[in-house]
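Novice: Prediction below, plus the sequence it came from.
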Amino acid sequence: MTKQISAIRGMNDIFAADADAFDFLISTAEETLKQYGYRSIRLPIVEKTQLFSRSIGEVTDIVEKEMYTFEDRNGDSLTLRPEGTAGCVRAVIQNGLTHNQIQKLYYTGPMFRYERPQKGRYRQFHQFGVEVFGLQGPDIDAELIVLSARLWERLGLENLELQLNSLGNQQARAEYREILVEYLTGHKEKLDEDSLRRLETNPLRVLDSKNPDMAEIVADAPKLIDHLDDESVEHFEKLKAHLDDLGIDYVVNPNLVRGLDYYNRTVFEWVTSELGAQGTVCAGGRYDGLVEQIGGKSTPAVGFAMGIERLAALLMDHDKVPPQAQPDIYMVLVGEGTERPGMVISEMIRDALPDLKIQMNMGGGSFKSQFKKADKSGASYAIVLGEQEVQEHKVALKPLRLDEEQQTVDWDQLCDKLAQLFA
């Protein structure tokens, strides 16, 4: 017997209720983004490795340990994308989309990181990303936050906390880095192994430590927000004023630094306490230097990414996913000669009423078994077509959810009748 082939660890099949949650989340997000004037962009899954090492940072955990990197037949080093922003920046540069233009874009798809699989964190995971190029004011930062808040409302998600911080400009960060390194070095004997490594490579990431033994060291560390440049302070105050005007609650978290090197000024996260250690469901901020860093002209930029698996888990935990494939009408076909006219009638309805979902019984079956399927489908009405109905060019229209009488309807009047029922 041939041995069964299984999926790769941490790369999962997504189907049934999980797929319904994905579809609902993505379609709702796309509708929300379009309302704010954003357009979609489709990006390659594989990019040159140099793109990520240059943008994310050589000494980040992602580049050092987590990327799926390989050589192709030409000997070029390629990488499965670990995140979406770098590829989006490469695309707008390569296609000339930042020349005297403002771009408001969104994308979705799989990302890849080699890390220990756990709930909400997989080796192939999915993100919905939003990026804006050409706007430098706090108003666009506020728009990204408020549209994400609107998305949570439309999805029916509650108890998400918005955390904010500012990282200042590059010079302010460099000066703060020296202050932080001096502080951490003075407490070196209390640092865990991960923090000791980050002390030499990326000391700001020490502030993001999840180790409870590091909590006191992190709490007493000097705060970057106290060492910001004047322009970043003004930017941050205006952002908070916008959020206050819009009624968006937030918490300033001075230890929020984000894991990628390209961020500056505004950073934010939406977090939940309902998913254990993987509590961040949406995160982003400004990355004004990244376009130039990758080879384009200096262009202000800001964006965020949502973790689809984590948000889908929240939706399912709170029963917020409406049925995605539930038909409005189930067509029951009983007897000889009903299949062909049944298919013609179902297509006639789809032509006239494209918003209605119609499921036609396939594979035959008794009248009783077909009605069981109709009821189980969740449809509001069953259209019954038997041999007599075919001869008379009529159908029986039976309510499945309401206490109404069954009706007999002529074929040529059926679409008008359904339009009235589903108005």
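Specialist: Received, thanks. Numbering: from 1, shown residues only.
Novice: contacting residues for the closest residue in space to Gly10 that isn't next to it in sequence?
Specialist: In space, and not counting its chain neighbours, Gly10 is closest to Arg123: 3.1 Å by Cβ to Cβ, 6 or more residues apart in numbering. The C-beta positions use only the backbone N, C-alpha and C, and glycine is treated the same way. With contact taken as Cβ atoms under 8 Å, 6 or more residues apart in numbering, Arg123 is in contact with 8-11, 112-115, 117.
Novice: Out of those, flag the one nearest to Leu80.
Specialist: Looking at the contacts of Arg123 and their distance to Leu80, the nearest is Phe112, at 3.9 Å (Cβ to Cβ).
Novice: ok, the closest one to Gln388 distance?
Specialist: 59 Å (Cβ to Cβ, to the nearest Å).
Novice: can you tell me how far Pro300 sits from Ile140?
Specialist: Counting by Cβ to Cβ - Pro300 and Ile140 are separated by 9 Å.
Novice: Show me the domain layout of the protein.
Specialist: 16-169+247-317, 170-228, 329-421 (automatic domain parsing).
Novice: Strands along the stretch 51-200 of the chain, start to end?
Specialist: With DSSP state E, counting those that start in this stretch as the criterion, the stretch 51-200 of the chain has strands at 68-71, 77-80, 103-112, 124-133, 161-166.
Novice: out of those, nearest to Ile41?
Specialist: Here strand 103-112 is closest among the strands of the stretch 51-200 of the chain (Cβ to Cβ), at 4.6 Å.
Novice: Next, format the contacts of Arg123 as TSV and append distance to Gln370, neighbour count and pLDDT.
Specialist: Output for the contacts of Arg123, formatted as TSV (distance: Cβ to Cβ, whole Å; neighbours: other Cβ atoms under 10 Å; pLDDT from 0 to 100):
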residue	distance to Gln370	neighbour count	pLDDT
Ile8	41	8	91
Arg9	43	10	93
Gly10	42	17	92
Met11	39	13	93
Phe112	45	20	95
Arg113	48	20	93
Tyr114	50	14	91
Glu115	49	15	84
Pro117	43	14	81
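Novice: so how far does stretch 111-124 reach from one end to the other?
Specialist: Taking Cα to Cα, to the nearest Å, stretch 111-124 runs 6 Å from one end to the other.
Novice: Centre-most residue in this protein?
Specialist: In the chain, the centroid-proximal residue (Cα atoms, centre = their mean) is Phe128; its distance is 3.2 Å.
Novice: Could you check how many residues crowd around Gly84?
Specialist: 23 (other Cβ atoms under 10 Å).
Novice: That one contacts Tyr107, correct?
Specialist: Yes. Using Cβ atoms under 8 Å, Gly84 is in contact with Tyr107, at 6.0 Å.
Novice: who touches both of the two?
Specialist: 43, 129.
Novice: Quickly find the element holding Phe268.
Specialist: Taking DSSP states H and E as the criterion, Phe268 maps to strand 264-271.
Novice: May I have that strand exported as CSV, CA atoms only?
Specialist: This file holds the C-alpha atoms of strand 264-271, laid out as CSV (Å, rounded to 0.1, in the frame of the first residue of the first chain):
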residue,chain,number,x,y,z
ASN,A,264,9.8,55.2,12.3
ARG,A,265,7.4,57.6,14.1
THR,A,266,3.9,56.0,14.5
VAL,A,267,3.6,52.3,15.4
PHE,A,268,0.4,50.6,16.6
GLU,A,269,-1.0,47.3,17.4
TRP,A,270,-4.5,45.9,17.9
VAL,A,271,-4.3,43.2,20.6
